[in-house]
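[1] Here is my input; please provide its structure:
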Amino acid sequence: MARRASRIAPGDIEYVPTSAAEQVAHADALRRHGQDHPDHRAQDFAEAAEYYAFAGDHETAENLFRAALADGGRVAGSLHGYYADFLFTRDRPDEALALIETARKARPDDPDVFVIIGETLDEHGHHEQAARWLTTGLVRYYGDLAEITVDDLEDDPDGQIMAADRLRARRNAELAPDHIDNLIAAIIENTDEL
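    Presented below is the predicted three-dimensional model:
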């Protein structure tokens, strides 16, 4: 699971606990904050779940992922993607894929949802599904894929990330390059940002 800096930190700075003891202490603080602040509960529980997982407390992590889903509040990125990644790492691919299917049926339009789930699928060997997922993200974001230009992708970080992740997944799946692959490949060759 990818580590992200927590938004709750000493001195209001980005904070990434590194030792297992720091991860558990930070996860405990996030969980308490979520219990006390219902408007942040899903976000806090999702972050706490990731830190418990990093520290090896998988049971608590899973309980918090489930509580965050049940809460239904907003989680930056994709709660379904984060939880699916956890399930894949616990050798529970059927549950992970079912969770991603639930996310698909919700018809998301947030590029972060497509990026996180696409990267999760690709990282866990589901390359063609990752490519399809990211293609859907690009269609929801831009409309018709055939009309996407290099200017569209150059001017838009969200579009660039989705297209670059899609290219990686398609290459991993050994699919022949298409129009979007060629556009983003040219951008990647000319920048160090992706």
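[2] check contacts around N63.
    When contacts are counted by C-beta atoms under 8 Å, 6 or more residues apart in numbering, N63 is found next to A49. In this view, the C-beta of every residue, glycine as well, is placed from N, C-alpha and C.
[3] tell me the SS of it?
    Here N63 is recorded as helix under DSSP: H, G, I helix; E, B strand; the rest coil.
[4] How about V75?
    Secondary structure state of V75, per three-state DSSP, is coil.
[5] same deal with D91?
    Remark: D91 carries the secondary structure label coil [criterion: three-state DSSP].
[6] Quick one: neighbours of it, just the number.
    Using other C-beta atoms under 10 Å, D91 has 7 other residues around it.
[7] next one: A55
    Neighbourhood size, A55 [other C-beta under 10 Å]: 20.
[8] For this protein, just list every one of the helices.
    Listed from the start of the chain, the chain has helices (DSSP state H) covering 20-36, 41-55, 58-71, 79-89, 93-105, 111-123, 127-142, 150-154, 157-172, 179-189.
[9] Make TSV out of these and add mean pLDDT.
    Below are the helices of the chain laid out as TSV (pLDDT from 0 to 100):
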stretch	mean pLDDT
helix 20-36	91
helix 41-55	95
helix 58-71	97
helix 79-89	97
helix 93-105	97
helix 111-123	97
helix 127-142	97
helix 150-154	93
helix 157-172	97
helix 179-189	94
